[in-house]
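Compute the structure for the input listed below.
(one chain, ligands or ions: 1)
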Amino acid sequence: MKHFTSVQDVKNISDLVLEAQNIKKNPFLHQNLGKNKTLGLIFFNSSLRTRLSTQKAAQNLGMSVMVMNVGQDGWQLEFEEGAVMNGAAAEHAKDAIAVMGQYCDILGVRSFPELKNRDLDYSERVLNSFIKYANVPIVSLESATLHPLQSLADLITMEELKKTACPKVVLSWAAHPRALPQAVPNSFAQWVGAGNYELVITHPKDYELAKEFTKNAMIEHDQDKALAGADFVYAKNWSSYSDYGKIASQDPSWQITSEKMKLTNKAYFMHCLPVRRNVIVSDSVIDSPQSAVIRQAGNRVFSAQVVLKNLLENN
Ligand code: SN0
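Below is the predicted model of the structure:
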């Protein structure tokens, strides 16, 4: 593994999940692997779980960590090649990123999409600038289109909880007051689609995700039909991909409630968090014993740790 930005950077998903499970059993086994190595975590956007879990994972490997909120504390960066920099941006990304690479052995970066220009967001300009200019391994901490550390933690969680060899996993859209990225659902569909699961995605019309990520999924617009017999229900809002970045529906009936969970095979409820309670999911579901959200968040440490371990060993 040279960088970690999508499932495509992983040779064998089940081996990686198994290795993460072994790390979970013995998190301090490799506490000297990262000695004298520095991880830089660069945030263009807010974070709670990603920041803390990745920091903890690095500490478990003996690394030291530097965190910077470039969105707030840094110079405004220019990403355009050849720009005449007489505007608001004080520094070109290629200079700033090359400098960060001088201080760090691995860099993690979070850069959400702007949800205005689809081609620009899906070109992953910020993430790819880090890969191009940092000269060190790059870990995506959620890019414009994908959130691989979350998806890996989701797979670790489902492998812990599954009761059958090939569980039915339902990714359900739910309404939200704001326009959110497609990164979490794209990434979840990509990872689950590559594993041993039956994946069904349910959403209102006009919420189709980019086909490149959902090719191994069945799309079912009737949420009740989709939920029937599910072993895992993964709720998430996303904004429209076709009418890019827009909210196409505010229909509250997509909320995951106890009634809907009754249609499933005593499914576990999953969400990446942060979640809008009683909008995306009712308190009765997220506070029930079937809720896996805290376990998922806990597994973020081992998802980050297995990735950092591999990057330290191979670079
Ligand atoms: C982000 C998203 O990609 O949907 C991060 C999830 C890990 N979520 C949000 O921005 C939620 C913001 C809100 O107002 O609920």
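
Can you list the neighbours in contact with the lowest-mean-pLDDT helix or strand in the chain?
Least confident helix or strand of the chain, by mean pLDDT, DSSP states H and E, is helix 70-73 with a mean of 85. Helix 70-73 has contacts (Cβ atoms under 8 Å, 6 or more residues apart in numbering) with 42-45, 77, 96. Where you see a C-beta, it was placed from the backbone N, CA and C, and this is true even at glycine.

Please list only the buried members of these.
With neighbours counted using 16 or more other Cβ atoms under 10 Å, the contacts of helix 70-73 contain these buried positions: 42-44, 77, 96.

and the nearest residue to Thr5 once chain neighbours are set aside, what are its bridge partners?
Closest residue to Thr5 apart from its sequence neighbours, by Cβ to Cβ, 6 or more residues apart in numbering: Ser140 at 4.4 Å. Bridge pairing for Ser140 (DSSP bridges) gives the partners Val109.

next one: the helix or strand following the least confident helix or strand of the chain to chain centre, how far?
Note on helix 70-73: by DSSP states H and E, the next helix or strand toward the C-terminus is strand 77-78. Here strand 77-78 is found 25 Å from its chain centre; the criterion is Cα atoms, centre = their mean, to the nearest Å.

elements contacting strand 77-78?
If you count contacts as 3 or more Cβ pairs under 8 Å, 6 or more residues apart in numbering; DSSP states H and E, strand 77-78 packs onto strand 91-92, helix 93-103.

For the ligand, find the nearest of those.
Closest to the ligand of the helices and strands packed on strand 77-78, according to Cβ to the nearest ligand atom: helix 93-103, at 21.7 Å.

Name the residues of the closest one that come out as buried.
93-94, 96-97, 100-101.

For Arg125, give me the pLDDT.
The model reports Arg125 with a pLDDT of 97.

Check Asp243 too.
98.

From what I see, it and Tyr207 are in contact.
No - using Cβ atoms under 8 Å, Asp243 is not in contact with Tyr207, being 9.7 Å away.

More neighbours: these two, which one.
Tyr207 (24 against 12; other Cβ atoms under 10 Å).

Give me the phi and psi for that one.
In terms of degrees, to the nearest 10, the main-chain angles of Tyr207 are phi -110, psi 20.

and the contacts of helix 70-73 as TSV, adding distance to Asn310?
Shown next, in TSV, are the contacts of helix 70-73 (distance: Cβ to Cβ, whole Å):
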residue	distance to Asn310
Ile42	20
Phe43	23
Phe44	25
Asn45	25
Leu77	29
Ala96	27
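
so can I have TSV of these showing pLDDT and distance to Ala144?
What follows is the contacts of helix 70-73, written out as TSV (pLDDT from 0 to 100; distance: Cβ to Cβ, whole Å):
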residue	pLDDT	distance to Ala144
Ile42	98	15
Phe43	97	14
Phe44	97	10
Asn45	96	10
Leu77	96	15
Ala96	97	18
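
Could you identify the most distant pair in those residues?
Spatial extent of those (Cβ to Cβ) is set by the pair Asn45 and Ala96 at 16.6 Å.

Do you have the helices of the stretch 1-150 of the chain handy? List them.
13-25, 49-60, 70-73, 93-103, 118-122, 125-133, 148-161 (DSSP state H, counting those that start in this stretch).

Can you say which of those is packed in most?
Stretch with highest mean neighbour count among the helices of the stretch 1-150 of the chain: helix 148-161 (a mean of 23; mean count of other Cβ atoms under 10 Å).
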